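>>> Return atomic coordinates for the entry below.
(2 chains)
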Protein chains: 2
Amino acid sequence: MQLPPTDYLIAPDPGAPRLTRAVSGTDHDGRAVQIAVVEERPLTIFLNRQEIVTAMTIGDYPEYLAIGFLRNQGMLGDGEQITGVDYDEELETVVVRTASQTTYEEKVQKKTRTSGCAVGTVFGDMMEGLERVTLPEAELRTSWLYALAQRINTTPSLYLEAGAIHGTVLCHRDRPLVYMEDVGRHNAVDKIAGWMFREGVPAGDKILYTTGRLTSEMVIKTALMGIPVLASRSGFTAWGVEIARQVGLTCIGRMRGKRFVCLSGAERLVRDIDPAQVPDEERKSGRKGAA
Amino acid sequence: MQLPPTDYLIAPDPGAPRLTRAVSGTDHDGRAVQIAVVEERPLTIFLNRQEIVTAMTIGDYPEYLAIGFLRNQGMLGDGEQITGVDYDEELETVVVRTASQTTYEEKVQKKTRTSGCAVGTVFGDMMEGLERVTLPEAELRTSWLYALAQRINTTPSLYLEAGAIHGTVLCHRDRPLVYMEDVGRHNAVDKIAGWMFREGVPAGDKILYTTGRLTSEMVIKTALMGIPVLASRSGFTAWGVEIARQVGLTCIGRMRGKRFVCLSGAERLVRDIDPAQVPDEERKSGRKGAA
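Coordinates of the predicted model:
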């Protein structure tokens, strides 16, 4: 299977100086080594004057992260007009300003009152809005899945460079468009959501690929974003599958070489390629399923 | 390297019926398949009458999870006397009752007021107490590290069975003692902390092994628990390393076969085995580094 080179709209930038740091240590033989280690910094997100959250992030695309986080938390509606996004690198803050400030302020109050945080999610809130989600009929050709996996797995990334990071890729048919990475579990997908909202990109014809597990949170975020297909190298959780079935999201997991499993939304699958033609994954692909 | 069989005090129970569910789907060839998928349930933790958090968890050891969470959040001090722990499976709640209720109630109020949650941690609070941590001098023989890795990697677990899960193992010298798994990133380590508090187990001579990354959160939790060594198959984040160096925690990462990297606290390492004697990891070990 020969693939033409792909042009990402946003590709990872593993060489960017602010994202990794060379750290000295010793290896198993006692030799001094220097390895590239990913950064992890706090970023405090404000919605107008209201402080919302401090996220631990690798630090790239703070504006998209902030907008996407607010979107995925339901604090920034479809019609909301963003009048400004101010990132202060020194203060490690990003302020998203909107024309009006009504429903979400109330929401923030509620959230701040009810959540103790640090583990888990504001689950009640996360589920809110799911009942209104209708995901479009869409075709998912298996040839696209294989092409995407091969392209994404060979894209130079921080994961390949330094490990210890999650990746999420927004794709259209067999083309990866935007590849975001982050240490924070859901920051990568929030950055994608922020980019989509900012650029006015439609969701109904997209595929979301993640290196992480298909948990309930991941499934809910994808559905709320309006993307009908979620694919991963990693495995599933039972509740993730249950929610995916309820909202009609196609969930593909355990993608390795020719193999994958579809546990939800198989009606979108178009099997246009014989898996026997797909080469097994090379042992040394460097990619592992992230937990 | 021949190892005697190890006796866990608590080993994973991959066959337990409540932890996984058989889910039907289709594979890459369009064949119907049934796979074991890990469960993911909400568990709401109360401290006396105060609701603290809803964690997403696989569901085993709810009492240890609740106690460990409260410990690791600094809400349950060393001298605190637990008068009862009530788990209600139907309501999905666990209530930890203590003899007195003073400082932590205040802490909860503060936490509830300041955190917006869903991403990241209550970082200010997490760092609190770190300056008082003094980790003991301890010896870490490299032969123990290799023995632990081999034992843990061949222990039947939910990870090997169903994937999509994190594991954390409390070890003493070359012996794994308690092996906890969970879908939630930090639940596994919280369960360990809960077990240690409940059983009055000292921390100064222990090693904590995790399948996950060595992030700031993981480093902080380990240090606050008083455990001087943290080891992982996975990689590091820069801030994790920085904090580990500040508190004097030994951090070993990227453990694969004979290889590992030590980025902090190398003074505890005793190189009592020639790495050339250690066999390379078998390709099919089934274990991957979790992101």
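>>> What ranges does the stretch 1-150 of chain A have for its helices?
A:62-72, A:103-114, A:123-127, A:142-153 (DSSP state H, counting those that start in this stretch).
>>> In terms of mean pLDDT, which of these ranks lowest?
For the helices of the stretch 1-150 of chain A, mean pLDDT drops lowest on helix A:103-114, to a mean of 50.
>>> Count the residues that sit near residue A:127.
14 (other C-beta atoms under 10 Å in any protein chain shown). (Glycine included, C-beta is placed from N, CA and C.)
>>> Go ahead and confirm it touches residue A:220.
Yes. With contact defined as C-beta atoms under 8 Å, residue A:127 reaches residue A:220; the gap is 6.9 Å.
>>> the strands in the stretch 1-150 of chain A, which residues?
A:20-27, A:32-38, A:41-47, A:50-57, A:82-88, A:93-98, A:140-141 (DSSP state E, counting those that start in this stretch).
>>> Same list (those) but as TSV, adding mean neighbour count and mean pLDDT.
Output for these, formatted as TSV (neighbours: other C-beta atoms under 10 Å in any protein chain shown; pLDDT from 0 to 100):
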stretch	mean neighbour count	mean pLDDT
strand A:20-27	16	95
strand A:32-38	18	94
strand A:41-47	21	92
strand A:50-57	23	87
strand A:82-88	13	96
strand A:93-98	20	96
strand A:140-141	18	98
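>>> Ok, which of those comes nearest residue B:68?
Smallest distance to residue B:68 across the strands of the stretch 1-150 of chain A (C-beta to C-beta): 20.8 Å, for strand A:50-57.
>>> right, is stretch A:233-249 up against chain B?
Yes. Using C-beta under 8 Å from any C-beta of the partner chain, stretch A:233-249 reaches chain B at A:234-241.
>>> what's the answer for stretch A:176-194, then?
Yes. Part of stretch A:176-194 sits near chain B under the criterion C-beta under 8 Å from any C-beta, namely A:183-187, A:190.
>>> thinking again about what came up before, take the strands of the stretch 1-150 of chain A and write them to a markdown table, including distance to chain B.
Formatted as a markdown table, these follow (distance: least, C-beta to the nearest C-beta, whole Å):
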| stretch | distance to chain B |
| --- | --- |
| strand A:20-27 | 4 |
| strand A:32-38 | 5 |
| strand A:41-47 | 6 |
| strand A:50-57 | 4 |
| strand A:82-88 | 17 |
| strand A:93-98 | 13 |
| strand A:140-141 | 12 |
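>>> one step back: counting neighbours, which of the residues of stretch A:233-249 next to chain B comes out on top?
Within the residues of stretch A:233-249 next to chain B, most neighbours by other C-beta under 10 Å means residue A:236, with 32 neighbours.
>>> ok, back up a step: among the residues of stretch A:233-249 next to chain B, which lie within helices?
With DSSP state H as the criterion, helices contain A:238-241 from among the residues of stretch A:233-249 next to chain B.
>>> between those, which is closest to residue B:17?
Closest to residue B:17, out of all of these and judged by C-beta to C-beta, is residue A:238, at 12.3 Å.
>>> and the closest one, what does it touch?
B:20-21, B:23, B:37-40 (C-beta atoms under 8 Å, 6 or more residues apart in numbering or on different chains).
>>> helices and strands of chain A: which one has the lowest mean pLDDT?
Ranked by mean pLDDT, DSSP states H and E, the helix or strand of chain A with the weakest confidence is helix A:103-114, at a mean of 50.
>>> so where is the stretch 151-291 of chain A shaky, pLDDT-wise?
Counting by pLDDT under 70, the stretch 151-291 of chain A has low-confidence residues at A:185, A:282-291.
>>> again, 80 this time
Low-confidence segments of the stretch 151-291 of chain A (pLDDT under 80): A:163-164, A:184-185, A:281-291.
>>> so what are the domain limits for chain A?
Domain assignment of chain A by automatic domain parsing yields the ranges A:41-130, A:140-277.
>>> any idea which of the ones you listed is most buried?
domain A:140-277 (a mean of 22; mean count of other C-beta atoms under 10 Å in any protein chain shown).
>>> That one: end-to-end distance?
Start and end residues of domain A:140-277 are separated by 18 Å (C-alpha to C-alpha, to the nearest Å).
>>> cool, and stretch A:217-237?
Per C-alpha to C-alpha, stretch A:217-237 runs 10 Å from first to last residue.
>>> Residue B:131 versus residue A:43, what's the distance?
Distance, residue A:43 to residue B:131, by C-beta to C-beta, to the nearest Å: 24 Å.
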